[in-house]
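K.L.:
my questions are about this predicted structure, shown below with the sequence.
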Amino acid sequence: DAMVIQNPRYQVTQFGKPVTLSCSQTLNHNVMYWYQQKSSQAPKLLFHYYDKDFNNEADTPDNFQSRRPNTSFCFLDIRSPGLGDAAMYLCATSNPTESTDTQYFGPGTRLTVL
Amino acid sequence: RKEVEQDPGPFNVPEGATVAFNCTYSNSASQSFFWYRQDCRKEPKLLMSVYSSGNEDGRFTAQLNRASQYISLLIRDSKLSDSATYLCVVNSPRGYNKLIFGAGTRLAVHP
């Protein structure tokens, strides 16, 4: 089945230790997104790629970086995780050629910072 | 003011009840509207799109009032499996293919 896959599902890191989260998709969608979601809050968009074009949200900290080496894969790098970065990180994709703005989410990676 | 506002709940209802959720959005230029469902510690999943004429999918009915910038979701004959958080979502006119999520309304259906 076509889908959005995130690895790992759970990630524990130490304060200040760099961590990379990965996302892959078999939907062949042009757009890939990274969201941060904290408990009882809305998913917050960090950045997105339209093909290779990177679009950073104005309030995304510099501590968060992203890479998209090809259509299928997208990575979220957190250079120096702080305690406040503990959250669920959601990857999503969309296909602008469809008639809607529907986004399809992966299962998320839950990040714990010790 | 938040761009998408929802009553956080929780709504605690018995099985078989009818429950309605409301949502308001701030940007009148938004053109696409959705309800997503999110189970505890899982990803959001599209429940239904919301069209100007209103639309229904089984026990779920969504309505849009553009003049009031108001979206609603009605769930009839609630099931235990409907327990989840329901996210109101609108597209962002400021960015291509970007969505703005509400914080969600939590529903708990009990026997």
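P.N.:
Received the coordinates, thanks.
K.L.:
all contacts plus neighbour counts: C-alpha atoms, from now on.
P.N.:
Noted.
K.L.:
tell me what A:Q25 is bridged to.
P.N.:
Partner residues in beta bridges with A:Q25: A:V4, with DSSP bridges as the criterion.
K.L.:
likewise B:W35?
P.N.:
Where B:W35 sits in a bridge, its partners, by DSSP bridges, are B:M48, B:C88.
K.L.:
could you confirm whether the strand or helix carrying B:R106 reaches chain A?
P.N.:
Using DSSP states H and E, the element containing B:R106 is strand B:105-110. No. In this structure, strand B:105-110 remains apart from chain A according to Cα under 8 Å from any Cα of the partner chain; the gap is never smaller than 9.2 Å.
K.L.:
tell me the mean pLDDT over that strand?
P.N.:
Per-residue pLDDT values over strand B:105-110 give a mean of 96.
K.L.:
tell me how far it is from the chain's mean position?
P.N.:
Centroid separation for strand B:105-110 versus its chain: 13 Å, with Cα atoms, centre = their mean, to the nearest Å.
K.L.:
what's in contact with that strand?
P.N.:
Applying Cα atoms under 8 Å, 6 or more residues apart in numbering or on different chains, the contact partners of strand B:105-110 are B:6-15, B:21, B:78-87.
K.L.:
now restrict those to buried residues only.
P.N.:
Among the contacts of strand B:105-110, those classed as buried by 16 or more other Cα atoms under 10 Å in any protein chain shown are B:6, B:8, B:11, B:13-15, B:21, B:78-79, B:82-87.
K.L.:
picking up where we left off before, okay, buried residues for the strand holding B:R106 please.
P.N.:
Within strand B:105-110, the residues that qualify as buried by neighbour count (16+ other Cα under 10 Å) are B:105-109.
K.L.:
up against chain A, what does chain B have?
P.N.:
B:32, B:42-46, B:87, B:91, B:97-99, B:101-104.
K.L.:
what about 7 Å?
P.N.:
Counting by Cα under 7 Å from any Cα of the partner chain, the residues of chain B lying close to chain A are B:32, B:42-45, B:97, B:101-104.
K.L.:
go ahead and confirm A:I78 touches A:L21.
P.N.:
No. At 8.4 Å, A:I78 does not count as touching A:L21 under the criterion of Cα atoms under 7 Å.
K.L.:
more neighbours, those two?
P.N.:
The residue with more neighbours, out of A:I78 and A:L21 and counting by other Cα atoms under 10 Å in any protein chain shown, is A:L21; that gives 23 against 20.
K.L.:
and for the closest residue to chain B within chain A, the neighbour number?
P.N.:
Closest contact between chain A and chain B, by Cα to the nearest Cα, is at A:A42 (3.9 Å). A:A42 is flanked by 19 other residues according to other Cα under 10 Å.
K.L.:
again, but for B:K2
P.N.:
The local packing count at B:K2 equals 11, with neighbours defined by other Cα under 10 Å.
K.L.:
with adjacent residues omitted, what lies nearest to it?
P.N.:
Beyond its immediate neighbours in the sequence, the residue positioned closest to B:K2 (Cα to Cα, 6 or more residues apart in numbering or on different chains) is B:S26, lying 7.5 Å away.
K.L.:
B:E3 is in contact with that neighbour, correct?
P.N.:
Yes. Using Cα under 7 Å, B:S26 is in contact with B:E3, at 5.0 Å.
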